[in-house]
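In: Have a look; sequence and predicted model below, questions after that.
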Amino acid sequence: MASTLTIQSNESKLCGKWISEDGKLVADVTTKRIFHLVENELVEVARSEDGWSVLYLDKKDGRYWELNYPDSDQHGGGPPCLEFLSRDAALAKFKLSAN
């Protein structure tokens, strides 16, 4: 099961959704996968000053991933989105040194 949760080499963006079940908004399968990834497989590198974006590193392939909430006006901050960032883009966006 874990292999279906890991980020595949051909993936560059994972965006979750809230779905309605029995009158409640709940996380869809992609949202649950994103939560699994950030809790178990990715390493936090930095946070944005406003706290809405987090930069992660995938230890397996060295790729950087940004967790953000593009629909932050929705309930609970909206569903999460995990998007690949090139090393240069990640360093620039999160104001990190290249060392």
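Out: Sure thing, it's come through.
In: For residue 90, give me its contacts.
Out: 45, 55, 64, 66, 96 (C-beta atoms under 8 Å, 6 or more residues apart in numbering). The C-beta positions use only the backbone N, C-alpha and C, and glycine is treated the same way.
In: Among these, give me the pair with the biggest separation.
Out: Taking C-beta to C-beta as the measure, those reach their widest spread between 66 and 96, a distance of 12.5 Å.
In: Between those two, tell me which one has more neighbours.
Out: residue 66 (21 against 14; other C-beta atoms under 10 Å).
In: Would you mind confirming that that one makes contact with residue 82?
Out: Yes: counting by C-beta atoms under 8 Å, residue 66 touches residue 82, with 7.3 Å between them.
In: in stretch 90-99, what counts as buried?
Out: Of all the residues in stretch 90-99, those buried under the rule 16 or more other C-beta atoms under 10 Å are 90-91, 94.
In: Let me know the closest of the residues you listed to residue 17.
Out: For these, the closest approach to residue 17 (C-beta to C-beta) belongs to residue 90, at 25.1 Å.
In: quick one: what helix or strand has the closest one in it?
Out: Secondary structure from DSSP states H and E places residue 90 in helix 87-93.
In: and that helix, how far from the chain's centre?
Out: Put simply, helix 87-93 sits 16 Å off its chain's centre (C-alpha atoms, centre = their mean, to the nearest Å).
In: Next: stretch 53-64.
Out: Distance of stretch 53-64 from the chain centroid (C-alpha atoms, centre = their mean) equals 9 Å.
In: ends of that stretch, how far apart?
Out: Terminal residues of stretch 53-64 are spaced 13 Å apart (C-alpha to C-alpha, to the nearest Å).
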